[in-house]
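just coords:
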């Protein structure tokens, strides 16, 4: 999950719920950091972008 600010904290709650209920490993990243590094994303990776305002 990729998010900023308040949405990032919401993604942390989502991480806990998904890992607890579905047993799938989840990572939460700040959008500002995700943009400038080389994340390990391939064709089998689901990236969920979360935005509070719809702009970030």
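All right, it came through fine. For clarity, every value in this text was computed on a predicted model and none was experimentally measured.

Which element, helix or strand, includes residue 54?
Assigned by DSSP states H and E, residue 54 belongs to neither a helix nor a strand.

ok, longest helix in this structure?
For the chain, the longest helix by residue count, based on DSSP state H, is helix 5-21.

what stretches of the chain score poorly on pLDDT?
Along the chain, the parts satisfying pLDDT under 70 run over 56.

what's the distance between the most centrally placed residue in it and residue 24?
With distances taken as CA atoms, centre = their mean, residue 1 lies nearest the centre of the chain, 1.0 Å away. Residue 1 sits at a distance of 12 Å from residue 24 (criterion: CB to CB, to the nearest Å). To be clear about C-beta, it is placed using only N, CA and C from the backbone, and glycine gets the same treatment.

and the gap between residue 33 and residue 27?
Residue 33 is 11 Å from residue 27, by CB to CB.

Could you do residue 41 as well?
Remark: distance between residue 41 and residue 27 (CB to CB) = 10 Å.

Which one's more surrounded, those two?
Remark: of residue 41 and residue 27, residue 27 carries more neighbours, 13 against 10, as counted by other CB atoms under 10 Å.

my read: the more buried one touches residue 1, true?
Yes. Under the criterion of CB atoms under 8 Å, residue 27 makes contact with residue 1 at 7.3 Å.

any shared contact partners between the two?
Counting by CB atoms under 8 Å, 6 or more residues apart in numbering, the contacts common to residue 27 and residue 1 are residue 15.

The closest residue in space to residue 12 that isn't next to it in sequence: how many residues sit nearby?
For residue 12, ignoring the flanking residues on the chain, the nearest one in space by CB to CB, 6 or more residues apart in numbering is residue 28 at 5.4 Å. Using other CB under 10 Å as the criterion, residue 28 is surrounded by 19 other residues.
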